[in-house]
Structure formats: C-alpha cells, structure tokens
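**Q** Need coordinates for the following:
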Amino acid sequence: MPVTSYESAMLLANTLDGKKGEEIKVLKTEGLTTLADYFVICTATSTTQIKAMSDACEEAMEKNGERVHHIEGHRGGTWLLMDFSAVVVHIFMDEARKFYDLERLWGDAEEIPLEKPQAAQ
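**A** Residues are numbered from 1 along each chain as shown. Just a heads-up that it's a prediction; the model follows:
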C-alpha cells in the first residue's frame, strides 16, 4: 500500500535524525507550490555525513516502494537536494543552509512537528 506524502516526509525526517542530522524541519508546501507537498530540511556537519544521509534516505524510501527521481548537488559537497516527487529533501552544510535560507523563502509554509517512530516512543 502506498504511503502518503506526509508519511514519507516523517519517514525521511526520522531517517535524517537517525543519521544525526541537525535542525531538521518539515515544511508543508502543499498548496504553495507544485514542486512538492513537503520539504524536509536538515543540516549536516560534513560531506561524508551528507552522503550517509542521502544513502539512508534512498534506502528508507525504496523499502516503501518509492525511488528518488532526481538528485542535485553531489559535486559541490555543501548541499544536496533529493526529489521524491511529493517530498523534496534538502541537506545542507551550515553555511549553505544560511545562504539559501529556505525557511525564510518558504515562510508561508506550515512547519510540521516531527513525529518519532512508534518504536522510539
């Protein structure tokens, strides 16, 4: 059974949390843009961590039958965008996150509180 875009966003946020992602935010962009229903934004402390987070997100989504459609930003190393259609994941190094300031850019988006997986409660 397919998962909803909300469930995908929570799965991805919790996957990033499991890889020690910092300042994880889930923004509901549904109704504001046709790009995605949710943006998941996170800060990483190294390019190695960005790669580990990216791999973990791909693996988690593939287990739910969803493949990444597009990835941008590998070579630069300071940010990565993963497009899962209904959910777009943005992983930034701290300086790049401040530069792009997606929270301000998407200031009209509702910030969704993170849910911990049932097993972690």
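
**Q** Can you spell out which helices and strands pack onto the helix or strand hosting Glu59?
**A** For Glu59, the element it lies in under DSSP states H and E is helix 47-63. With contacts taken as 3 or more Cβ pairs under 8 Å, 6 or more residues apart in numbering; DSSP states H and E, helix 47-63 sits against helix 5-18, strand 38-44, strand 79-83, strand 87-93. Yep, even glycine has a C-beta here, placed from its N, CA and C like the rest.

**Q** same thing but at 6 Å, please
**A** helix 5-18, strand 79-83, strand 87-93 (3 or more Cβ pairs under 6 Å, 6 or more residues apart in numbering; DSSP states H and E).

**Q** pLDDT on that helix, on average?
**A** Averaging pLDDT along helix 47-63 yields 95.

**Q** Past that helix, which element shows up next along the chain?
**A** strand 70-72.

**Q** follow-up on the earlier one: include distance to Asn64 when you put the helices and strands packed on helix 47-63 into CSV, please.
**A** Supplementary listing: the helices and strands packed on helix 47-63 in CSV, determined by distance: least, Cβ to Cβ, whole Å:
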stretch, distance to Asn64
helix 5-18, 7
strand 79-83, 14
strand 87-93, 11
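
**Q** on that earlier part again, tell me which residues in the helix holding Glu59 are buried?
**A** Neighbour counts using 16 or more other Cβ atoms under 10 Å place 49-50, 52-54, 56-58, 60-61 of helix 47-63 among the buried residues.

**Q** Just list the residues touching Glu72, thanks.
**A** Contact analysis of Glu72 by Cβ atoms under 6 Å, 6 or more residues apart in numbering lists Leu81.

**Q** what bridges to it?
**A** Leu81 (DSSP bridges).

**Q** Check Cys42 too.
**A** Ile91.

**Q** quick one: contacts for it?
**A** 16, 21, 24, 91.

**Q** Tell me which two in those are the farthest apart.
**A** Pairwise distances across the contacts of Cys42 (Cβ to Cβ) peak at 9.9 Å, for the pair Ile24 and Ile91.
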